[in-house]
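[1] Prediction below, plus the sequence it came from.
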Number of protein chains: 2
Amino acid sequence: MRLTNKGKYGINALLVLASSQEDGPLTLKTIAGKAGIPEHYLEQIMGRLRQCGLVASTRGVQGGYRLARESEKIFIGEIVEAAEDSVQPVKCAAHQCERSDSCLNHDLWSRVTESMLKTLNGMSLAALCRDAFDHPCRGGDCSYPAWENIESGGV
Amino acid sequence: MRLTNKGKYGINALLVLASSQEDGPLTLKTIAGKAGIPEHYLEQIMGRLRQCGLVASTRGVQGGYRLARESEKIFIGEIVEAAEDSVQPVKCAAHQCERSDSCLNHDLWSRVTESMLKTLNGMSLAALCRDAFDHPCRGGDCSYPAWENIESGGV
DNA sequence: CTAATCCCGACTATTTTTGTAGGCAATTGA
DNA sequence: TCAATTGCCTACAAAAATAGTCGGGATTAG
Ligand code: FES
Ligand code: FES
């Protein structure tokens, strides 16, 4: 029942993007560098985020990624859902069995998923970014990005 | 972000126990059989549940496991916490960093954990047991026990 | 004493997660 | 048109977590 690196990397990549909106699209390499994520791994994650409509990309020279919406309108739950394989603790919710509409177990875990997403979607990328950017917390089990070589700040 | 078999097995084992309170302690073998869980694996899980004070055991002939409290006073969140390695999606909460008290990320994930547990602890073992026992939902991704060879029912 | 039963630690197998590699496709600009 | 840059995709490999197995020891009833 834990967040995997995919989710964490997804959030951090978007935090980096959110913090550098002005300067045109950022390349994968730049994002990976600033957030401290293996480049090719991040590529796979960005693919998911793109398919879910959270980022947009342009190819070729001077291409890269940018947020598909303003960071105020992107929420952490969306990112986690897009990046992780599944946010539901139990598969049960997906399938159909005779009494799934009146099954207490099914019901319980649906409510768990719901409450997690509600909490996560109560936080915007913008809000988290403001905090993350000047947060000194690094290393250990902390999950904010490393912000390597960052110059211009804030959101 | 999913419930592992440890958690599912823990719940199912306790459901079996809750459904046969009267007949004295149940052996590992019996529980494993009724719930459809590999015996030796369940043994490890029962160890955790015992250490967390959810079940009590007696050794030797005619020994076995029984609930440490009435099933109305045992809650699903407790079982999951005891059986799973961790219920927190993010480790961050455990460690200490300079600003963890004012870190939005830390705060967010703490609230997620909290809301999950609140939901899970809103359901008693007894309530789930009543539903599980006559619930026809089996196989697929459903997680209620198989109730193999069960005779006496209800809670 | 013996059989039943829980207890414990080490070991193996399987699955999931994490990360790497390499080629193809699109875009820009000289 | 061509070359450089950059994203896109699929397959593969390594590491970690989970799931499950095994065997010996301790405790208790009869
Ligand atoms: S609907 Fe899945 S356990 Fe009942
Ligand atoms: S306290 Fe862990 S990220 Fe800030």
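    Received it, and whenever you're ready, just let me know what you need. Ligands and ions are numbered 1, 2, ... in the order given.

[2] Look up how far DNA strand D lies from residue A:9.
    Residue A:9 sits 15 Å away from DNA strand D, going by Cβ to the nearest atom of the strand, to the nearest Å. C-beta here means a position set from N, CA and C on the backbone, and glycine is covered the same way.

[3] Now do that residue: how many residues are near it, please.
    Number of residues near residue A:9 (other Cβ atoms under 10 Å in any protein chain shown) recorded here: 24.

[4] Likewise for residue A:109?
    22.

[5] Could you figure out how far the host helix or strand of it is turned away from helix B:104-120?
    In this structure, residue A:109 sits in helix A:104-120 according to DSSP states H and E. Angle, helix A:104-120 to helix B:104-120, by axes from the mean of the first three to the mean of the last three Cα atoms, to 10 degrees: 160 degrees.

[6] which residues touch the residue of chain A found nearest ligand 1?
    Of all residues in chain A, residue A:103 sits closest to ligand 1, at 3.2 Å by Cβ to the nearest ligand atom. Shown in contact with residue A:103 (Cβ atoms under 8 Å, 6 or more residues apart in numbering or on different chains): A:97, B:131, B:135, B:137, B:142, B:144.

[7] quick one on the thing from earlier: do the helix holding residue A:109 and chain B meet at all?
    Yes. Judged by Cβ under 8 Å from any Cβ of the partner chain, helix A:104-120 and chain B are in contact via A:104-106, A:108-109, A:111-112, A:115-116, A:118-120.

[8] Show me what counts as buried in that helix.
    Within helix A:104-120, the residues scored as buried using 16 or more other Cβ atoms under 10 Å in any protein chain shown are A:104-113, A:115-117, A:119-120.

[9] near DNA strand C, which residues of chain A?
    Residues of chain A found near DNA strand C (Cβ under 7 Å from any atom of the strand) are A:4-6, A:9, A:38-41, A:43-44, A:58-63, A:85.

[10] Confirm that residue A:66 sits in a helix.
    No. Counting by DSSP: H, G, I helix; E, B strand; the rest coil, residue A:66 is not found in a helix; it is strand.

[11] Confirm for me that it is in contact with residue A:21.
    Yes. Between residue A:66 and residue A:21 there is a contact at 7.5 Å, judged by Cβ atoms under 8 Å.

[12] so the closest residue to DNA strand C within chain A, which of the three states?
    Residue nearest to DNA strand C within chain A: residue A:60 (2.6 Å; Cβ to the nearest atom of the strand). Applying three-state DSSP to residue A:60 yields a three-state assignment of coil.

[13] So which residues on chain A come close to ligand 2?
    Counting by Cβ under 6 Å from any ligand atom, chain A comes close to ligand 2 at A:135, A:137, A:142-144.

[14] Now those residues in CSV, please, with extra columns for secondary structure, neighbour count and pLDDT.
    Output for the residues of chain A next to ligand 2, formatted as CSV (DSSP: H, G, I helix; E, B strand; the rest coil; neighbours: other Cβ atoms under 10 Å in any protein chain shown; pLDDT from 0 to 100):
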residue, secondary structure, neighbour count, pLDDT
A:135, coil, 22, 77
A:137, coil, 21, 72
A:142, coil, 19, 77
A:143, coil, 21, 82
A:144, coil, 25, 86
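
[15] which one of those is nearest residue B:28?
    Of all those, residue B:28 sits closest to residue A:143, with 39.7 Å by Cβ to Cβ.

[16] Now the closest one: closest residue in space that isn't a chain neighbour?
    Distance criterion Cβ to Cβ, 6 or more residues apart in numbering or on different chains; nearest residue to residue A:143, sequence neighbours excluded, is residue A:8 at 5.0 Å.

[17] ok, the one you found to ligand 2 distance?
    With distances taken as Cβ to the nearest ligand atom, to the nearest Å, residue A:8 is found 10 Å from ligand 2.

[18] Then residue A:45?
    Counting by Cβ to the nearest ligand atom, the gap from residue A:45 to ligand 2 is 19 Å.

[19] Might one say that that residue is in contact with residue A:80?
    No. Applying Cβ under 8 Å, one finds residue A:45 not in contact with residue A:80, separated by 11.5 Å.

[20] what is in contact with the two at once?
    residue A:10.

[21] mind listing what residue A:72 touches?
    Listed by Cβ under 8 Å, 6+ apart, the contact partners of residue A:72 are A:124-126.

[22] Looking at the residues of helix A:104-120 next to chain B, spot the one nearest residue A:14.
    Distance to residue A:14 across those (Cβ to Cβ) is lowest for residue A:120, with 13.3 Å.

[23] Quick check, pLDDT for the closest one.
    Looking at residue A:120, its pLDDT is 97.
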